[in-house]
Structure formats: C-alpha cells, structure tokens
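Undergrad: give me a model of this one.
(one chain, ligands or ions: 1)
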Amino acid sequence: MATIAFREITKQYRGASAPAVDSISFEVPEGSICMLVGTSGSGKTTLLRMVNRLIEPSSGAILIDGKNVIDEDPIQLRRHIGYVIQQVGLFPHMTVAENIQVTAEIAGGWNKRQLANRVDELLELVGLPPAEYRKRYPRQLSGGQQQRVGMARALANDPAILLMDEPFGALDAITRARMQDELKRIQRDVHKTILFVSHDIDEAFKLGDQIAVLSEGQLVQIGTPVDLLTRPANDFVRQLVGSDNILRQLQYVPVSAALTEQATNTPDGKKISSDTPLLEAMLKLFESNAPALSVQDKENHSHLGTVTLDSINRELVQARRNNAENIDLAEKNAL
Ligand SMILES: Nc1ncnc2c1ncn2[C@@H]1O[C@H](COP(=O)(O)OP(=O)(O)OP(=O)(O)O)[C@@H](O)[C@H]1O
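TA: As a prediction, this is how the structure comes out:
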C-alpha cells in the first residue's frame, strides 16, 4: 500500500497563458479511492499523469510514501503504478493471457508456471473465467470485457497504486455500473491506492472515499461525498455535485445526520447502522411500519439515537436552508 501526497504541484505547458495545474496540495491515504472531477480542461488528466511521470511537473512535488517521484527512474516508477485508460490499448495480435502477463514479464522475476498462475488468478479476480478467456484475442471480447483485461493487466505486477483515467467512459450505462461494482469488489480484496478521473458525478459518489473537485487548474474542494453534498465550498461545487438534489441527499447522507435528540430505544427494537443512507432508512420505516429505528454505531454497535420520517424530513429541510443561506452569502460576497 502507498500514500500519495501532492505538494504545491504545478504544470505550466509551454505557451499556455495559465498553468494547467496550479499549486495543488492534497493527500490520498493508502488503500483509498480518490476521484478527480471537474469541468473539461480543469487539469484532471494532467494531474494524474504527473504521478507516473507521463507528464513532468513544472514545480512542486508528488510524494509516494514520502519519496518524490521526480527522484525515481520513470520506467521503474511506472512498473509499480498500474495505469488504466478508456482506450484500453490491448495488443491486438496477443491473446488475453499474453496481454496480461506482458507487464509482469517486463518487470521480470517470474517463471512460466508462475506467470500462467498469475494470469489465471487475475482473470478470476476481474470476473473472466480463465478457461474460457485465456486464449481469446481482444477482437473476440466486448468493450466491458476488454476493460476487465485492462484492469487485470494493470494489476499484474501487484502495484500499490492504480491510476485510472475515465476507464469506463466508453461503456454503456449498464456495463459501466457493473464495472463500478466490480471495481468496488476488487478493491475490497486488493486495497490499492487509487486515483480515478471521472466525468460522471454519480460514478464519483459511488466509488470515491474522497472526491477532489478541480476548476481551472485549482483544487476547489476535497472531501468525502457527504462533505461535498452537505457543505459545498461554493456555487460551482454545489452545481457540480447537485447539492440541491434531494434524491442524491437521500442516497448518500447517512442516518447519523438525522438523529432525533432523544436516545431512546424503539419499541420493537428495529435497528439500523449509522452509515445507512437516509433513503434506505426511509424504505425500512415504510416497510416495517415502525415509528422509529434505533441507530447503532457502525463500529461498536452502541445505540446512538433514533431516526424517524420526521427527523429525516427535518434534516432535508435544514440542508436546503443551509444551501439557500450559502447561496445568499455567496451572492452578497460577489457584490
Ligand atoms: N500537451 C499539452 N500541451 C499544452 N496544453 C495542454 C497539453 N495537455 C493539456 N493541455 C491543456 O491543459 C489544460 C488541462 O488539460 P487536461 O487534459 O489535464 O484537463 P482535463 O480536466 O483532464 O480535461 P478533460 O476532462 O477534457 O479530459 C487544458 O487547457 C488543455 O488544453
């Protein structure tokens, strides 16, 4: 596992009037997924590609476990960082197995049997039964299957870091949702530190432990999905993440935000974990016809309070009010 730390990282392309990435600092904790979102041209890909030095920074530092990537040999560095892009880039004349093992072969240190075992293990991991897919050629795969092979190839060397640049951008909505679920499942096993560029805010919410919002080369806000929804730094973030969108609030804000003050037990003992989204709590209240649910700490299961339809409604109204006040404040400040 590895931590990535950006320290005032800047990229000024020659001849450009402003930096593409402008003194950005933040950290991606090891084993977490950080989503990079923002409008087109805001610097997401540039930031991502500076990590494996496909693009050289103009100033600042990128530290991987405290070591500046600039001090590393770029080829060595790339062997330890998986890279997945939209145009998967499989070699058409090589089988699936050959495409996957090529990265491990380049890195060296594997014998034939180990390589074959590794390929099968990775194919299993990405959900392609080895016996069926090992010998196929890329043209015999669907777009989603090619993307799975791309993932397997990126994981072949067991890198601590994965860089993903709109990997699912070219897939239809259903396949994309399936790939997102697969990535979440794989991440539960492999615990990589993942930096993921996305144009799809729902994808960012679904996958991100953190979401970094970029605009014109600057980091506007970084936080958890719920941070961004409930405390957007400005109007740009509010619009981008849809903080006014009630359904999104219900989907992502946890019940712990809507506790009633009285920490009393519910009469029939219906329980719910504190990280359950409001929407799920509402459905459970409707389904069970219970007046309230007991909210339990997601770690130690202690009783934190209760949640009711009223308390959920109160939270939503309060969130709307906060949003309206923030808009007023932003407008006043702009005058
Ligand atoms: N090689 C380059 N030379 C000069 N300018 C570049 C180069 N690559 C990117 N840029 C500029 O840098 C800025 C940031 O580009 P970048 O591709 O990082 O943005 P992005 O947020 O990934 O965009 P998109 O979402 O459209 O892919 C843009 O203004 C782009 O025109």
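Undergrad: tell me which element Asp202 falls in.
TA: Following DSSP states H and E, one finds Asp202 within helix 201-207.
Undergrad: scratch that, Ala104
TA: Element membership for Ala104, per DSSP H and E: helix 96-107.
Undergrad: which residues touch Leu115?
TA: Leu115 makes contact with 101, 104-105, according to Cβ atoms under 8 Å, 6 or more residues apart in numbering. Where you see a C-beta, it was placed from the backbone N, CA and C, and this is true even at glycine.
Undergrad: OK, now which residue of the stretch 201-335 of the chain is nearest to the ligand?
TA: Nearest residue of the stretch 201-335 of the chain to the ligand (Cβ to the nearest ligand atom) works out as Leu214 at 6.5 Å.
Undergrad: spatially nearest residue to that residue (excluding sequence neighbours)?
TA: Once flanking residues are discounted, Leu214 sits nearest to Gly38: 3.5 Å by Cβ to Cβ, 6 or more residues apart in numbering.
Undergrad: how near is that neighbour to the ligand?
TA: 6 Å (Cβ to the nearest ligand atom, to the nearest Å).
Undergrad: also Ala97?
TA: Taking Cβ to the nearest ligand atom, one finds Ala97 at 32 Å from the ligand.
Undergrad: Arg118 is in contact with that residue, correct?
TA: No. Counting by Cβ atoms under 8 Å, Ala97 does not reach Arg118; the two are 9.8 Å apart.
Undergrad: output whichever helix or strand comes after the helix holding Asp202 as PDB, nothing but the C-alphas.
TA: Downstream of helix 201-207, the next assigned helix or strand under DSSP H and E is strand 210-215. The C-alpha coordinates for strand 210-215 follow below in PDB (Å, rounded to 0.1, in the frame of the first residue of the first chain):
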ATOM      1  CA  GLN A 210     -12.700  11.200  -1.300                       C
ATOM      2  CA  ILE A 211     -13.700  13.500  -4.200                       C
ATOM      3  CA  ALA A 212     -11.300  16.200  -5.400                       C
ATOM      4  CA  VAL A 213     -13.000  19.000  -7.400                       C
ATOM      5  CA  LEU A 214     -10.800  20.800  -9.800                       C
ATOM      6  CA  SER A 215     -11.600  24.100 -11.700                       C
END
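Undergrad: okay, now the sheet partners of strand 210-215, with direction.
TA: Here strand 210-215 has these sheet partners by DSSP bridges: strand 33-38 (parallel), strand 218-223 (antiparallel).
Undergrad: and the contacts of Leu115 as TSV, adding pLDDT, distance to Leu207 and neighbour count?
TA: Formatted as TSV, the contacts of Leu115 follow (pLDDT from 0 to 100; distance: Cβ to Cβ, whole Å; neighbours: other Cβ atoms under 10 Å):
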residue	pLDDT	distance to Leu207	neighbour count
Gln101	90	27	23
Ala104	75	26	21
Glu105	76	30	13
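Undergrad: just list the residues touching Leu155, thanks.
TA: For Leu155, the contact set (Cβ under 8 Å, 6+ apart) comprises 82, 122, 125-126, 162, 186, 190, 192.
Undergrad: before we move on, back to that, report the beta-bridge partners for the residue of the stretch 201-335 of the chain closest to the ligand.
TA: Taking DSSP bridges as the rule, Leu214 bridges to Gly38, Leu219.
Undergrad: ok, back up a step: next step: the contacts of Leu155 restricted to strands.
TA: The strands, defined by DSSP state E, take in 82, 162 from these.
Undergrad: of the contacts of Leu155, closest to the ligand?
TA: Of all these, the ligand sits closest to Leu162, with 17.3 Å by Cβ to the nearest ligand atom.
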